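S.K.: only geometry, no sequence info:
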Ligand code: UP5
Ligand code: MG
């Protein structure tokens, strides 16, 4: 994808930090296409005939990272489909495609591969809060989410992977876009919108 025609914003943060919630709010304001790597993997896991179903299920339950070839291909396919869909729309004005890539890249090698093979990102938004807050939110969500990783054992493993593998990515990419996500959804949204506006004004 041509970086001058496609805006990619990485959205990172620990498990339960609020990535999905905030992306949904930003879609309402800015006409983004929101792609959650975790959601794409869960859909692939449940797709009949997928050769990766068992692998994905095990990784998600154990809180480990699915081999990047799988995730990058799913993201690339979803980006292509979204751009096609956009072009087919009558009111398409040839504007840039806008993507929020939620929960990816989770490891340094994935970040480098995506930058080189798919598209450069404009900025990384990093939702930062404490493990205590994240754990509380995930256990609460687990009562109804049906997610196989919203239990205390999986949550602890997800925290470990986040700390070991994803923090280096955040330290490398998220110099400007750090946002405290301990506050209310509305407050976090306000700060997030300001960062996105800065991206559109070319500040990053
Ligand atoms: N909530 C949100 N914001 C709140 C706020 N400000 N105040 C109060 N409550 C708030 O939010 C979580 C819960 O908190 C919700 O109930 C929400 O209402 C509430 P959510 O927005 O869903 O948080 P999010 O950060 O999206 O949490 P999620 O659990 O989705 O994060 P993970 O990063 O753990 O999950 P993801 O789906 O990205 O990945 C799952 C697994 O897939 C990974 O562990 C890994 O095994 C695999 N994966 C890969 O292998 N590679 C990838 O590239 C991506 C994923
Ligand atoms: Mg999520």
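M.R.: Here it is on my side, so go on. Since the model is a prediction, treat every value here as computed from it, not as a measurement. Ligands and ions are numbered 1, 2, ... in the order given.
S.K.: could you pull out the helices for the protein?
M.R.: 19-30, 37-46, 53-62, 68-88, 108-117, 131-145, 152-161, 167-173, 185-200 (DSSP state H).
S.K.: now the ones you listed in TSV, with mean pLDDT, mean neighbour count and distance to residue 4?
M.R.: Every residue, glycine included, has its C-beta placed from N, CA and C. Formatted as TSV, the helices of the chain follow (pLDDT from 0 to 100; neighbours: other CB atoms under 10 Å; distance: least, CB to CB, whole Å):
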stretch	mean pLDDT	mean neighbour count	distance to residue 4
helix 19-30	96	17	18
helix 37-46	98	18	24
helix 53-62	98	16	34
helix 68-88	93	16	14
helix 108-117	95	16	15
helix 131-145	98	14	36
helix 152-161	98	16	34
helix 167-173	95	16	20
helix 185-200	96	16	14
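S.K.: Kindly reformat these as a markdown table containing distance to ligand 2.
M.R.: What follows is these, written out as a markdown table (distance: least, CB to the ion, whole Å):
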| stretch | distance to ligand 2 |
| --- | --- |
| helix 19-30 | 3 |
| helix 37-46 | 5 |
| helix 53-62 | 12 |
| helix 68-88 | 14 |
| helix 108-117 | 17 |
| helix 131-145 | 10 |
| helix 152-161 | 11 |
| helix 167-173 | 16 |
| helix 185-200 | 14 |
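S.K.: Go through these and name the closest to ligand 1.
M.R.: Closest of the helices of the chain to ligand 1 is helix 37-46, at 1.9 Å (criterion: CB to the nearest ligand atom).
S.K.: Look up how far residue 4 lies from the residue nearest to residue 6 when sequence neighbours are not counted.
M.R.: Once flanking residues are discounted, residue 6 sits nearest to residue 97: 4.6 Å by CB to CB, 6 or more residues apart in numbering. Distance of residue 97 to residue 4, given as CB to CB, to the nearest Å: 11 Å.
S.K.: Next up, the contacts around the residue nearest to residue 6.
M.R.: Residues in contact with residue 97 (CB atoms under 8 Å, 6 or more residues apart in numbering) are 1, 5-7, 33, 79, 82-83, 86.
S.K.: And residue 149, how far from ligand 2?
M.R.: Separation of residue 149 from ligand 2 (CB to the ion, to the nearest Å) stands at 11 Å.
S.K.: now that residue: how far from ligand 1?
M.R.: According to CB to the nearest ligand atom, to the nearest Å, residue 149 and ligand 1 sit 6 Å apart.
S.K.: Is it correct that that residue is in contact with residue 161?
M.R.: No: the pair residue 149 / residue 161 is not scored as a contact, 10.9 Å apart, by CB atoms under 8 Å.
S.K.: Now do the shared contacts for those two.
M.R.: Listed as contacting both residue 149 and residue 161 by CB under 8 Å, 6+ apart are residue 63.
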